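S.K.: Next one to model:
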Amino acid sequence: MNATLENLIEKASDFHGHLGPFLVIGVRMGLIGLRELELKKGAEKLQVRALLKYSVPFSCILDGIQVTTGCTLGNQKLTLENSLGIAAEFLLPNEKQVTVTVNQITFNRLKNKLLSEKIPDHEIQELAQFMVSIPEKDLFIVRRE
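M.R.: Model (predicted):
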């Protein structure tokens with residue numbers, strides 16, 4: 001894991017209250033959005049629209065995006081749309097956009113473990129670390145517009 005990702009995951013964990021796989025997904029989505037739009041955290045024009053089910057654990061993704069991008073529910077630069085899939089649209093209004101979607105095939109393979117209510121804490125940590133290490137191309141579909 002590179003130092004930047006490790007640092008951001010640590011900050012996100014502090015903000016969120018614990019480390020979990022959906023938080024890591026949010027951090028990684030935020031980093032991809034910033035990279036693809038060639039922006040830094042807190043970019044003035046950046047807006048993010050998260051498309052996901054608004055319930056735990058899916059909503060944990062929001063905290064990862066907030067910590068990574070500086071777009072928050074509070075500053076209204078992060079909005080949420082209830083969706084069956086998991087995606088985030090990173091927008092520079094009237095300029096360009098990138099959409100980062102969780103690969104449904106990969107997600108389906110992991111779903112039972114990720115959504116288990118009786119999963120022990122050490123396994124949650126292991127799943128979070130796996131979300132850190134899984135190659136971007138396997139976990140996400142990135143579409144530039």
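
S.K.: Just want the most central residue of this protein.
M.R.: Centrality entry for the chain: nearest residue to the mean C-alpha point is Gly26, 1.4 Å, by C-alpha atoms, centre = their mean.

S.K.: check contacts around that residue.
M.R.: Gly26 sits next to Ala12, Cys60, Ile61, Leu62, Asp63, Gly64, Ile65, Gln66, Val67, Thr68, Ala88 when contact means C-beta atoms under 8 Å, 6 or more residues apart in numbering. Bear in mind the C-beta positions are built from the backbone N, C-alpha and C, glycine included.

S.K.: Okay, and it sits in which element?
M.R.: helix 21-37 (DSSP states H and E).

S.K.: CA-only coordinates of that helix in CSV, if you can.
M.R.: Listed next in CSV are the C-alpha coordinates belonging to helix 21-37 (Å, rounded to 0.1, in the frame of the first residue of the first chain):
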residue,chain,number,x,y,z
PRO,A,21,-14.2,-2.6,3.5
PHE,A,22,-16.8,-0.1,2.3
LEU,A,23,-14.9,2.8,3.8
VAL,A,24,-11.8,1.7,1.8
ILE,A,25,-13.9,1.5,-1.4
GLY,A,26,-15.0,5.1,-0.8
VAL,A,27,-11.4,6.3,-0.3
ARG,A,28,-10.3,4.5,-3.5
MET,A,29,-13.2,5.9,-5.5
GLY,A,30,-12.3,9.4,-4.3
LEU,A,31,-8.7,9.0,-5.2
ILE,A,32,-9.6,7.8,-8.7
GLY,A,33,-12.0,10.7,-9.2
LEU,A,34,-9.4,13.2,-8.3
ARG,A,35,-6.7,11.5,-10.4
GLU,A,36,-8.9,11.3,-13.5
LEU,A,37,-9.9,14.9,-13.3
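
S.K.: related to what we said a few turns ago, so which of the contacts of Gly26 is the closest to Glu117?
M.R.: Nearest to Glu117 among the contacts of Gly26: Cys60, at 14.4 Å, using C-beta to C-beta.

S.K.: pLDDT score for the nearest residue to that closest one once chain neighbours are set aside?
M.R.: Nearest residue to Cys60, sequence neighbours excluded (C-beta to C-beta, 6 or more residues apart in numbering): Phe22, at 3.8 Å. With respect to pLDDT, Phe22 scores 94.
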